[in-house]
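Asks: Predicted model and sequence follow; I will ask about them next.
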Amino acid sequence: PAPLAIFTPPAQVCMNDSIQFTDQSTPLGGITSWSWDFGDGGAAGTSTLQNPKHRWNTAGSYTVSLTVTSSFGCPSVTTAQSSHSITVNTAPTIALSSLASTSTQSLCLGTAINNIEYTLGGSATSATVTGLPPGLTGTYNSGLFTISGSPTAGGVYNYTVTSVSPCTNVSLSGTITVQTLPTISLTSATGTDNQSVCVQSAMIDINYSLGGNVNGAVLSAGSLPAGVTGTFNAGVFTITGTPTSTGVFNYTVTSVSTCSNVSLNGTITVNELPDVNFTYSTIRCEGENVTFSYTPTPGAAAITQWQWNFGDASPVQTQTTQADINHIYTLPGNYDVQLTVTNSNGCVSPSSTLPVTVIVNPKPIASFSFADICIPVDIATFTDLSTPAGNISQWDWDFGDASPVQTSNVNGNTTHTYTNGGTFMVTLTATSLEGCKKDSTQMIKVFTPPNASFTINNTGNICSNTPLAITNTSTSSAYGNIYQVEVLWDVPNTT
C-alpha cells in the first residue's frame, strides 16, 4: 500500500525565522525517501531531509507539502495531512514617532509629561510598557502606542515599550526623571522666625531645612537688618548675625528649584538700646545726700530696671520703679557714677556709657571764741575761728536770744548786744565757697548787775569809837550771784 505523508504545520511562522518541520509519516520504518516543497520556489525551497528546517525571507501565504516513498517504491498520495497552507508573518517594528527628546525627559512631580509616541508595524498587534512612574499610562490605538499622564512619585524611571506580536518582539527604552517638589520647613526652635532682639546683640540663628528638588534658597522679599546675613549650605538656609540697625524687618525665604518654588516668611524686630540720661543735685558736700534723677526718653520703651553704681565701692543699688535716689558720700573726692538701665524689651543700656563725675566737697569746720559778759556794761564780741581760712563765703550768727540771724559774706567776726541776762546758745553756721555748711554751738553767759542795799542797825547819834552795825540786804537780779560785798565810807572832812 501507499504510505501516508503526515506532518503538523507550525502554529506561527515569522519571516526569517528558522522553522523546524517533523516527519510523522506512516508506516514508521517503511519510508525510504522524503520530498519537501516549501512553496517559495527554487532549490532552496525544497528538502529531502526527513526533518528539515526552513526560513522564509518574504512574508506571505505558502503551501508546504510532503511526499514520501516507501521501501516498496510506492509514493504517497496528497492528503490534508501531507499539504498545509502556512502564513509567513512580517517581523514587528517599533519606532519613536514623537520628538526625540520625549523619550528622555525630566519634569516636576504632578506636571503632565510631553506625550511619548511609538509607531508599531509589521506583525505587531499592540504593545506593553514597564517601568513607568505612578500616574503615567501607556495606550495602544491603531498602531500607535502613547505614554501620557502626570507622575505622582519622584525618581528616575527607566521604561521599556515592547511590541505584542506573534513573532519575536522588539523593544525601545527611555528614561523619565521626575523631580520631587521643593519643601521648606523651620528647623530651629519655634518662634525663632518671629524674634525680638536688641541691637548690637547676637540674634538666635534661624534655620530652614529645604528638601526635594532644591538647588538653593534666597531671600526673595523683604530685608534683613544690617549685620545679619542669610546663607544656604547642604540643604539648610541659615539667618545669623548681630544686628546693627533697629526696626521691624519682614523677610521671605524662597527655594531655588526648576519646579514651583516654596517660601516661608518671618520677622526680626530689632529694638534700640535705652538711653541713659540722669541728673544730680548741684550741692554735693560730704555727709549730705546727693539726689540722682533719671530722665526718660520720650517715645522709648519703658524702663523696668535701674542699676546705680555710685563709684565709692558701696553696693550697686537696683530699682524696679522710677524714683529719685539719694546717696551719701562719706569722704570728699571725685566719683564716677554709672547708671545701667533695662527696658521692657530686655535691652540693656551700653556699658560704654560715659560716667558722670560727682565732686564731693568737705564741709568747713565752724568755730568761734568769746567771753562771758556783764550787761549793760559789756557788748558780746565773737571771733570767727572757722577753717579752712579763706574758703568761707558766709557766716550766719544765731545769738540765741530770738534776735534775727545775722548774716555776713565779708567777715566772720561780729558783736552782739544782749538786753537780758542769762545763758544763750550761740550758733555759727559757716558756708564754704562750694556751698557746704557746718555749724557750731556754744553757750554764753550774760550777767546782770546786782541790786546793792543795806540797813544800819544802830541809827541815830552814836559816840566815836562806837561800832556801827550794818546789815547787807543786796540781791542779785536776773542772772548772777553776789560773791563780794565792798563797803565804802564817805567820811566828811571836819577840818
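Replies: Cool, the structure landed.

Asks: Show the residue spans covered by the strands in the stretch 151-300 of the chain.
Replies: When secondary structure is read from DSSP state E, counting those that start in this stretch, the stretch 151-300 of the chain shows strands at 155-164, 171-179, 183-186, 194-198, 206-211, 216-222, 228-233, 236-241, 247-256, 263-271, 278-280, 289-294.

Asks: need those in CSV with mean neighbour count and mean pLDDT, can you?
Replies: Just so you know, the C-beta spots here come from the backbone N, C-alpha and C atoms, and that holds for glycine as well. Output for the strands of the stretch 151-300 of the chain, formatted as CSV (neighbours: other CB atoms under 10 Å; pLDDT from 0 to 100):
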stretch, mean neighbour count, mean pLDDT
strand 155-164, 17, 97
strand 171-179, 18, 97
strand 183-186, 15, 97
strand 194-198, 17, 97
strand 206-211, 20, 97
strand 216-222, 16, 94
strand 228-233, 15, 97
strand 236-241, 19, 98
strand 247-256, 18, 97
strand 263-271, 19, 98
strand 278-280, 15, 88
strand 289-294, 17, 90
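
Asks: possible to save the ones you listed as a markdown table with distance to residue 396?
Replies: Listed next are these as a markdown table, based on distance: least, CB to CB, whole Å:
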| stretch | distance to residue 396 |
| --- | --- |
| strand 155-164 | 101 |
| strand 171-179 | 96 |
| strand 183-186 | 75 |
| strand 194-198 | 53 |
| strand 206-211 | 70 |
| strand 216-222 | 70 |
| strand 228-233 | 65 |
| strand 236-241 | 65 |
| strand 247-256 | 59 |
| strand 263-271 | 53 |
| strand 278-280 | 26 |
| strand 289-294 | 21 |
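
Asks: Which of those strands sits closest to residue 327?
Replies: Comparison of those against residue 327 by CB to CB identifies strand 289-294 as nearest, at 5.4 Å.

Asks: Could I have the CA atoms of the worst-scoring helix or strand of the chain on mean pLDDT written out in PDB?
Replies: One helix or strand of the chain scores below all others by mean pLDDT, DSSP states H and E: strand 356-360, with a mean of 73. Taking Å, rounded to 0.1, in the frame of the first residue of the first chain, the C-alpha atoms of strand 356-360 are listed here in PDB:
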ATOM      1  CA  VAL A 356      29.400 111.300  85.500                       C
ATOM      2  CA  THR A 357      31.900 112.800  87.800                       C
ATOM      3  CA  VAL A 358      30.500 113.800  91.200                       C
ATOM      4  CA  ILE A 359      32.700 116.200  93.300                       C
ATOM      5  CA  VAL A 360      32.100 115.800  97.000                       C
END
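
Asks: Pull the number of nearby residues for residue 299.
Replies: 5 (other CB atoms under 10 Å).

Asks: And for the one 3 residues further on?
Replies: Other residues within reach of residue 302, judged by other CB under 10 Å, total 10.

Asks: And the residue lying closest to it once chain neighbours are set aside, how far from residue 201?
Replies: Closest residue to residue 302 apart from its sequence neighbours, by CB to CB, 6 or more residues apart in numbering: residue 344 at 4.7 Å. Per CB to CB, to the nearest Å, residue 344 is found 16 Å from residue 201.

Asks: cool, and residue 219?
Replies: According to CB to CB, residue 219 stands 22 Å off from residue 201.

Asks: got it, and residue 312?
Replies: Taking CB to CB, one finds residue 312 at 31 Å from residue 201.

Asks: again with residue 408
Replies: The value you get for residue 408 to residue 201, if CB to CB is used, is 60 Å.

Asks: try residue 212
Replies: The gap separating residue 212 from residue 201 is 35 Å, by CB to CB.
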